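> The sequence isn't on hand, but the structure is:
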């Protein structure tokens, strides 16, 4: 088995894809008996190192797969080249709602509105249309309201490998304690809105500095 050739296959597939490719999918596409997940992981890691040291492009782990993207320092020039294209932009209301769903999923519309204090019907419709959230079931209470959760597209949009890459919510609780000098009792009974503001800011920062995937 020629590992250099296998690596070339992997590089080609990651280069040409318009969506992240996971290890299992790469093994399936290569379809050579000697090629297993362990070997593919090893070769992907080698490619990541090679691109990091010699290229303006990097192989990024995102949405539980791998895809080529421009390095952040060069993304502005890609924007200039494709400035006539409409990029996905989210309103502050959409970002806030998305942050709540990301950290509290599965969650109902009523629970989101209780946190935000405003109707979120239109925002939820927008997020569903853009495939950043999805309906994941119904809550077993009276009326059986719909439950919402994030999607693979959400991970891809924010450059996350999985939901585990989200900053821990405890980080924001600790930050609130330091900045506002509140007592431990207040922290335990604190309104979730304050925590969500910090979460929103974190995701909003990523929204303002989007990663530019290789343009087709």
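Thanks, I have it. None of the values given here were measured: they were computed from a predicted structure.
> Figure out the helix or strand that the residue most central in space within the chain lives in.
Most central in the chain under Cα atoms, centre = their mean is residue 155, positioned 2.1 Å from the mean C-alpha point. Taking DSSP states H and E as the criterion, residue 155 maps to helix 152-158.
> And this protein, what are its domain boundaries?
What automatic domain parsing lists as the domains of the chain is 3-81, 92-208.
> From start to finish, how long is stretch 142-151 in a straight line?
When the termini of stretch 142-151 are compared using Cα to Cα, to the nearest Å, they are 26 Å apart.
> what does that stretch rub up against?
98, 101-102, 105-110, 112, 124, 131-139, 163 (Cβ atoms under 8 Å, 6 or more residues apart in numbering). Using the backbone N, CA and C atoms, a C-beta is placed for each residue, glycine as well.
> quick one: which of the residues you listed sit in helices?
Of the positions in those, 98, 101-102, 109-110, 112, 124 sit in helices, assigned by DSSP state H.
> which of those has the most neighbours?
If you count neighbours using other Cβ atoms under 10 Å, the busiest of these is residue 98, which has 28 neighbours.
> Return the distance of residue 4 relative to residue 10.
Distance of residue 4 to residue 10, given as Cβ to Cβ, to the nearest Å: 11 Å.
> Which of the two has more residues huddled nearby?
residue 10 (25 against 7).
> The more buried one: what's it in contact with?
26, 30, 40, 43-44, 47.
> likewise residue 155?
Residue 155 sits next to 62-64, 161-163 when contact means Cβ under 8 Å, 6+ apart.
> export the contacts of residue 10 to TSV and tack on distance to residue 17 and secondary structure?
What follows is those, written out as TSV (distance: Cβ to Cβ, whole Å; DSSP: H, G, I helix; E, B strand; the rest coil):
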residue	distance to residue 17	secondary structure
26	10	helix
30	14	helix
40	14	helix
43	16	helix
44	13	helix
47	14	helix
